[in-house]
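Asker: predicted model follows, preceded by the sequence.
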Amino acid sequence: MGILARITSAGKSSSKSNESSLSTGGHGIDKNRVLAPTDPTVINPVNAGNWETVRSAPINDTPRYYTKVEADALKQFSKQKKEEARQAKRAYKSLKSLEEADAQVHTAHRGYIKGVADSELTKKRSDASTARHLHTLRPEYARLGFGLDRAENKAQQRIEELKAKIKENR
């Protein structure tokens, strides 16, 4: 397989099962496959994801005093979590950017697929038009064929007449 074929995934075997139904207006578009999620865990109305959240410290629902050691530890822990939150925000921004890039590629590919489908229909229209035109030529070709048959028969008849005349003169 050539490099272009490998790049474009050409040369894959294709199923011929839907070919006969195209002429009758049939289709092979399964709405469940079209609307299937791109990943089983992707967020959509059927899979709303989970509603968990992050909680670094338990809820303190009763008032209390803290010691200096506890307060210092909480201050240090708070700084650490603030830095982790900053990094998490950067990471989620990057993940979102990746999703947007994936969506752009997906959309571009679907646009390409639509273009291929449109071009295929244009080609098939042209083929059908050519086939119709060729069918309109058939009667003329038949007439030409009958004319040639008639000419051949006349020539053969004339040859037979000449042969007969030569045999008479001998």
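Answerer: Good, I have the coordinates.
Asker: quick check: the gap between residue 163 and residue 114.
Answerer: Relative to residue 114, residue 163 is positioned 71 Å away (CB to CB, to the nearest Å). Bear in mind the C-beta positions are built from the backbone N, C-alpha and C, glycine included.
Asker: meant to ask about residue 120
Answerer: For residue 120, the distance to residue 114 - CB to CB - is 11 Å.
Asker: same deal with residue 33?
Answerer: For residue 33 relative to residue 114 (CB to CB), the value is 17 Å.
Asker: quick one, what contacts residue 31?
Answerer: Under the criterion of CB atoms under 8 Å, 6 or more residues apart in numbering, residue 31 has no neighbours.
Asker: mind pulling up the pLDDT for it?
Answerer: pLDDT, residue 31: 90.
Asker: from here on, count from 52
Answerer: In the new numbering, first residue 52, that becomes residue 82.
Asker: can you give me the helices for this protein?
Answerer: 54-59, 70-73, 82-85, 119-220 (DSSP state H).
Asker: including distance to residue 98, could those helices go into CSV?
Answerer: Rendered in CSV, the data for the helices of the chain read as follows (distance: least, CB to CB, whole Å):
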stretch, distance to residue 98
helix 54-59, 33
helix 70-73, 33
helix 82-85, 15
helix 119-220, 16
